[in-house]
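Enquirer: The following comprises the amino acid sequence and a computationally predicted model.
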Amino acid sequence: MSFVIPILIIGVIILYIWSLYNDLVAGKVRIKEAWSQIDVQLKRRADLIPNLVETVKGYAKHEKGVFENVTKARSMLLTATTPKALASANNQLSDALKSLFAVAENYPTLRASENFLQLQRELEDTEDKVAYSRQFYNTAVAEFNTKLQLFPNVLLVKTFGFTPAEFFEAGEEERKKVEVKFG
């Protein structure tokens, strides 16, 4: 009977370690799933851009620099592999698209084009999905990173080889104060 208590304690410790390991593995899988959702939405966005550029090109042939910037930013987005690189490429593409839409503002017939309007709606829808996917990813990262830092987990996670995951952070442009001016 005296050896039953130590065996129970060892059993509880083993169950805790087993549970912790499985929980951390599940957290890594959630992060990968969330990352793939961001990737899917950004690729969808990148696929829409050539159609949008071609539509605008038909109306604004002399805006070559804008088209080159959008194409370069799109290429960077498609080749980015880490959350930091992807966030940077995403921000550059957003800036380039702002320039593209500014060019479109100068062409009333373009703004009235059904093709342009449809592409613009799809792009806006995709932007919403990117924002949601980014939020889902960052939530999964926060939960995972929290589990890594909680006591007594912090004593075991390095043994398992788990390291904190990287957040998908907003760029400098998104952090700037928005100024609204009327008239």
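Expert: Everything's here; your move.

Enquirer: Grab the longest helix from the protein for me.
Expert: Of all segments of type helix in the chain, defined using DSSP state H, the longest is helix 4-59.

Enquirer: C-alpha coordinates for the helix or strand following that helix, CSV please?
Expert: Using DSSP states H and E, the helix or strand that follows helix 4-59 towards the C-terminus is helix 64-79. This file holds the C-alpha atoms of helix 64-79, laid out as CSV (Å, rounded to 0.1, in the frame of the first residue of the first chain):
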residue,chain,number,x,y,z
LYS,A,64,3.4,52.5,-66.3
GLY,A,65,5.2,53.1,-62.9
VAL,A,66,2.0,52.3,-61.0
PHE,A,67,1.6,49.0,-62.9
GLU,A,68,5.2,48.1,-62.3
ASN,A,69,4.9,48.8,-58.6
VAL,A,70,1.8,46.6,-58.3
THR,A,71,3.5,43.8,-60.2
LYS,A,72,6.7,43.9,-58.1
ALA,A,73,4.7,44.0,-54.9
ARG,A,74,2.5,41.0,-56.0
SER,A,75,5.7,39.0,-56.9
MET,A,76,7.1,39.8,-53.4
LEU,A,77,3.9,38.6,-51.8
LEU,A,78,3.9,35.3,-53.7
THR,A,79,7.5,34.5,-52.7
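
Enquirer: Check which helices and strands the helix or strand following helix 64-79 is in contact with.
Expert: Heading C-terminal from helix 64-79, the first helix or strand you meet, by DSSP H and E, is helix 83-105. Packing partners of helix 83-105 (3 or more CB pairs under 8 Å, 6 or more residues apart in numbering; DSSP states H and E): helix 4-59, helix 64-79, helix 108-112, helix 114-149, helix 172-175. Backbone N, C-alpha and C define where each C-beta goes, glycine included.
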